[in-house]
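Asks: Kindly return the folded structure for what I paste below:
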Amino acid sequence: MSPAGWSLCLAKEDFKFSVAHFTLFGPTKAEPLHGHNYRISLEVEGDELDEAGLLADTDSLKRRVRELCNELDDKVLLPERSPWLEIRTEGEALECRFAGRVYRFPIAEVVLLPLVNVSMELLARWTWRALAGDLSSPRLRRLVVEIAETPGQASRYSGPLGAAR
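Replies: This next block holds a predicted model:
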């Protein structure tokens, strides 16, 4: 944050989602399929408040975070841009192949993310991009998004909001 300015932090109890995933470590090594209860927190920064003395429309921002959490909650997350996964659909099932492993999931229970991997780092950036596009106030200059995987283990992605517009 610059020497003078405002910061608003949101880390509500319900900014969370539970998913299954596996992180890839290369073309032949990955974690086993497992689950996490991820938590999202965010911070917006700006130099000016509006006429009501507010930095941001917190109702809209909280609603959008909750929508993102609901989209991901109780799903299997797969990285559709991974060069190491073979993903195809067969009827109502999605099949994923990786280094001799074969997974089959009901399509309705999978979210294909436009990522090369499902890591905390990339989830933080994906969430940042999803939120930044909704922040239209010229007063806001920066957004920071944190994805916590477990207590004491999190990743943050931050950037200027002008880049999202």
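
Asks: all strands of this structure, in order?
Replies: Along the chain, the segments classed as strands by DSSP state E run 6-10, 16-21, 34-46, 75-79, 86-90, 93-98, 101-106, 110-113, 140-150, 153-160.

Asks: Could you double-check that V102 sits in contact with L94?
Replies: No. Under the criterion of CB atoms under 8 Å, V102 is not in contact with L94, lying 11.5 Å apart. In this view, the C-beta of every residue, glycine as well, is placed from N, C-alpha and C.

Asks: between these two, which one's more packed in?
Replies: Neighbour count, other CB atoms under 10 Å: between V102 and L94, L94 has more, with 20 against 9.

Asks: The more buried one and A124: what is the separation?
Replies: Per CB to CB, to the nearest Å, L94 is found 25 Å from A124.

Asks: Roughly how far does the most far-flung residue of the chain relative to its centre sit from F22?
Replies: Here the chain reaches farthest from its C-alpha mean at E51, the gap being 31.8 Å by CA atoms, centre = their mean. Using CB to CB, E51 is found at 49 Å from F22.

Asks: if we can go back for a sec, show me what contacts the residue farthest from the centre of the chain?
Replies: Contact analysis of E51 by CB atoms under 8 Å, 6 or more residues apart in numbering lists nothing.

Asks: For it, give its distance to R139.
Replies: 11 Å.

Asks: Quick check, central residue of this structure?
Replies: Centroid-nearest residue in the chain: T127, 3.3 Å away (criterion: CA atoms, centre = their mean).

Asks: Show me what the nearest residue to that one once chain neighbours are set aside is bridged to.
Replies: Leaving out its chain neighbours, the residue that sits closest to T127 by CB to CB, 6 or more residues apart in numbering is V145, at 4.9 Å. Taking DSSP bridges, one finds L42, Y157 as the beta-bridge partners of V145.

Asks: thinking V145 is in contact with A124, fair?
Replies: Yes. Using CB under 8 Å, V145 is in contact with A124, at 5.3 Å.

Asks: Need the residues touching each of these two.
Replies: 156-157.

Asks: And D74, how far from V111?
Replies: 10 Å.

Asks: who has more neighbours, those two?
Replies: Comparing D74 with V111 by other CB under 10 Å, the one with more neighbours is V111, at 15 against 11.

Asks: Wait, the more buried one touches E71, no?
Replies: Yes. Here V111 reaches E71: they are 6.8 Å apart, a contact under CB under 8 Å.

Asks: shared neighbours, the two?
Replies: Common contact partners of V111 and E71 (CB under 8 Å, 6+ apart): none.
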